[in-house]
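here is my input, please return the structure:
(one chain, ligands or ions: 1)
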Amino acid sequence: MRYAAQKGTKDILPSEIHNWQLAERTFADVCHSFGYEEIRIPTFEQTDLFQRGVGDTTDVVTKEMYTFEDKGGRSITLRPEGTAGVVRSYIENGMSSLALPVRLFYNITAFRYEKMQKGRYREFHQFGLESFGAKGPDIDAEIISVVDVFFKKMGLKNIALHINSIGCPTCRNAYNTLLKDYFRPHVSTMCEDCQARFEKNPLRMIDCKVDGGKNIVKNAPRLIDHLCDDCREHFEGLKARLDGIGISYTIDPNIVRGLDYYTRTVFEFVSENVGTQGTICGGGRYDGLVGLMEGPETPGIGFAMGVERLLLEAEAQGALSEKPSYVKIYIASMSENAKIEALKLCYSMRQAGIGCETDMAGRSFKAQMKYAGKQGIPFLAVIGDDELSTGEVKVKCMADGSETPVKLDGLVEFMAGK
Ligand code: HAM
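Predicted coordinates:
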């Protein structure tokens, strides 16, 4: 039997890994420049953490989680996202005693049992960050700036920022009543999920993905028109900050986000290049989540970005980079003694951080040359008995064919300058 990668998973091959590594380094650098520090959280958590944190009326929790019983009889879930785990860690490790805001970023895999399509996988990667303890709109503008700066550093343009406010429990309660009054005459014609959401969480009905319901949803009252004074002021504050920094945005009253923990600011960065979903990055404020998870009441805000979607976007914009050549020089050898010298030189070079290769496959001299050419290694040195007796080798630059005589004991120094 030939095995294949599981549906919704994929290998990231050496031919593409440099793009991932560049994105990872760039994201970490940008986060560091804003004062964020990396956190690494476990891949699985107890199931209840997500049910409670993400919300038990969300698609993620009701339909998409990889949940199983472990050998100790515990219900375990592979993380479908990072926020719930980071919040757990924040509380468990007493981070509320640190200077606020506590700024954390992460680079994780996440798992959702979703229908496969372009930009949508069952195992995917997220760059994300969470910030705890700041309640004003400054931090909302800060985390949006992180994404903006990151996109610029990745050479990406024209990724549209959509923002909205979905209010706080005060305005949400009043709005839910309004929404229920609006949906009541239609609910029996709506999808099964929406019928269940009507009583439990009518706001989630705005996110209905079933076409038949769309027009009803489209004409529903908009939360942004019913914000309480504090939430309105917060949203105006965010807009003023984005205007001041010079980050353009569109107000999109239809963003409600697919997870239950959000309050006030929600936002998405969208592009047509990444499949029907279009969202490269999504996030928002979750002022009640730390308290809900039995930590000290603490405002929070964050985002996560799908790395596969980010790279699809980079590819569509022609912003992917060439594969770098890590190996700088190939040392071909023409005899057993020459091979030992080549091994010795490679050993010294690697200690000096210079990438080099010599034959490991018992190739003939001709085959070694062919291999080095095929790999595109930029420099070549050939060691035979003559080179061993003179103690000097010619280093050939493959780009222009020029040859430079170099002492064997000076080769490391010579290559260090290349
Ligand atoms: P989310 O919107 O569920 O938010 O996911 C964030 C991003 O992850 C999406 O915009 C998308 O790029 C990517 N993504 C989600 N599902 C898939 C999938 N099946 N395949 C590929 N990419 C996917 C969250 O996860 C929140 N935890 C974000 C957040 C952090 N909010 C506050 N803090």
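
around the ligand, which positions in the stretch 1-150 of the chain sit nearby?
Contact residues (CB under 6 Å from any ligand atom) of the stretch 1-150 of the chain with the ligand: 81-83, 112, 114, 119-121, 124, 126, 128, 130. In this view, the C-beta of every residue, glycine as well, is placed from N, C-alpha and C.

please read the previous query as pertaining to the stretch 301-418 of the chain.
Proximity of the stretch 301-418 of the chain to the ligand (CB under 6 Å from any ligand atom) is limited to residues 302-306, 308-309.

and for the stretch 151-300 of the chain?
Of all the residues in the stretch 151-300 of the chain, those lying near the ligand are 258-259, 279-284, going by CB under 6 Å from any ligand atom.

buried ones among the residues you listed?
Among those, the ones that count as buried by 16 or more other CB atoms under 10 Å are 258-259, 279-284.

list the buried residues for stretch 103-114?
Buried residues in stretch 103-114, defined by neighbour count with 16+ other CB under 10 Å: 103-108, 110-112, 114.

average pLDDT across that stretch?
In this model, stretch 103-114 has a mean pLDDT of 98.

about what we covered before: mind checking which of the residues of the stretch 151-300 of the chain next to the ligand are in helices?
With DSSP state H as the criterion, helices contain none of those.

can I get those residues in JSON lines with pLDDT?
Shown next, in JSON lines, are those (pLDDT from 0 to 100):
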{"residue": "Gly258", "pLDDT": "85"}
{"residue": "Leu259", "pLDDT": "89"}
{"residue": "Thr279", "pLDDT": "95"}
{"residue": "Ile280", "pLDDT": "97"}
{"residue": "Cys281", "pLDDT": "98"}
{"residue": "Gly282", "pLDDT": "97"}
{"residue": "Gly283", "pLDDT": "98"}
{"residue": "Gly284", "pLDDT": "98"}
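
what's the neighbour count on Ile301?
Neighbours of Ile301 under the rule other CB atoms under 10 Å: 29.

before we move on, the earlier item: which among the buried residues of stretch 103-114 gets closest to Lys153?
For the buried residues of stretch 103-114, the closest approach to Lys153 (CB to CB) belongs to Phe105, at 14.6 Å.

in what helix or strand does the closest one lie?
Phe105 belongs to strand 102-111 when assigned by DSSP states H and E.

next helix or strand past that strand?
For strand 102-111, the following helix or strand on the C-terminal side (DSSP H and E) is strand 123-132.

that following strand pairs with which strands, parallel or anti?
Strand 123-132 pairs in its sheet with strand 102-111 (antiparallel), strand 300-306 (antiparallel), by DSSP bridges.

show me the two of the residues of the stretch 301-418 of the chain next to the ligand that sit farthest apart.
Spanning the widest gap among these are Gly302 and Glu308, at 19.4 Å by CB to CB.

quick one: which of those two has more around it?
Gly302 (25 against 21).

remind me which residues of the stretch 301-418 of the chain are low pLDDT?
The stretch 301-418 of the chain contains no residues with pLDDT under 70.
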